[in-house]
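Asker: no FASTA, just this:
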């Protein structure tokens, strides 16, 4: 049976936070109104009218910048998906907690649960790819992402993987391995680990509240075990 992989952009809560209540639209409207007022004042008071017109560019620039940021977020979030058992997925429960990324051929490729992925861009061909910590290629993305957008995508994927691991493991194995590497490193490193107890990992989009639903979501293996006992 195919898992119900849902792009992050199609998840209402995440999309709403990415758009942030149409901030760019209001900024553009305020900028346009300010420019109009400045033009009305200009014939009677050239100095004040000019200042108002110049000031009108501030909300306009903010609106355009935010509009472009929303477009980037949408482009990225349409290519990251989660299965129905993932805490970000709106389904009440599901058999798969996988995080997936759409490759250059439009296929949803599963990202290994314990991977710490990185974005790689070939500056000669402009081809980008996703690799794991061993520099092994997981999938090719094509040429639609810039380096800045790819780094943002990398950040979101790794956040989704944190919740995937929280769903699958009692303790995040990647955090455990990182602590071992820290203790074995030469010299003393002044590093303070974040509180990684349940509910304390900071996740973008304010979606950690969704992680609380982990306790309410049952894995497919649990369902199979109960069905077998019955």
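Answerer: Okay, I see it. Computed from a prediction, not measured in an experiment: that's the story for all the values here.
Asker: what is the mean pLDDT for stretch 105-120?
Answerer: Averaged over stretch 105-120, pLDDT sits at 91.
Asker: For that stretch, could you pull out the residues that count as buried?
Answerer: Within stretch 105-120, the residues scored as buried using 16 or more other Cβ atoms under 10 Å are 108, 109, 110, 111, 113, 114, 115, 116, 117, 118, 119, 120. (Each C-beta comes from the backbone N, C-alpha and C, glycine too.)
Asker: Give me the distance between the third one and residue 151.
Answerer: Read that as residue 110. 22 Å (Cβ to Cβ, to the nearest Å).
Asker: Check the fourth one too.
Answerer: In this structure, residue 111 and residue 151 are 16 Å apart, going by Cβ to Cβ.
Asker: Also the second one?
Answerer: Residue 109 is 19 Å from residue 151, where distance means Cβ to Cβ.
Asker: so the residue positioned nearest the centre of the chain is in which element?
Answerer: For the chain, the residue nearest the mean C-alpha position is residue 156 (3.1 Å; Cα atoms, centre = their mean). Following DSSP states H and E, one finds residue 156 within helix 147-168.
Asker: Pull the distance from that helix to the chain's centre.
Answerer: 6 Å (Cα atoms, centre = their mean, to the nearest Å).
Asker: Ok, stretch 126-140 next?
Answerer: Computed by Cα atoms, centre = their mean, the chain-centroid distance of stretch 126-140 equals 18 Å.
Asker: which parts of that stretch are buried?
Answerer: Quick answer for stretch 126-140 (16+ other Cβ under 10 Å): 128, 129, 130, 131, 138, 139.
Asker: Stretch 68-82 now?
Answerer: So, applying 16+ other Cβ under 10 Å, buried residues of stretch 68-82: 69, 70, 72, 73, 74, 76, 77, 79, 80, 81, 82.
Asker: Stretch 154-166 now?
Answerer: Here stretch 154-166 shows 154, 156, 157, 158, 159, 160, 161, 162, 163, 164, 165, 166 as buried, counting by 16+ other Cβ under 10 Å.
Asker: Residue 61: which of those residues is nearest?
Answerer: residue 156 (26.0 Å; Cβ to Cβ).
Asker: now residue 143, nearest residue through space, not along the chain?
Answerer: Distance criterion Cβ to Cβ, 6 or more residues apart in numbering; nearest residue to residue 143, sequence neighbours excluded, is residue 126 at 4.7 Å.
Asker: Looks to me like that neighbour is in a strand.
Answerer: No: under DSSP: H, G, I helix; E, B strand; the rest coil, residue 126 sits outside any strand and is assigned coil.
Asker: would you turn the buried residues of stretch 126-140 into CSV with distance to residue 101?
Answerer: Formatted as CSV, the buried residues of stretch 126-140 follow (distance: Cβ to Cβ, whole Å):
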residue, distance to residue 101
128, 11
129, 10
130, 6
131, 12
138, 8
139, 6
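Asker: quick check: longest strand of the chain.
Answerer: What stands out as the longest strand in the chain, according to DSSP state E, is strand 137-142.
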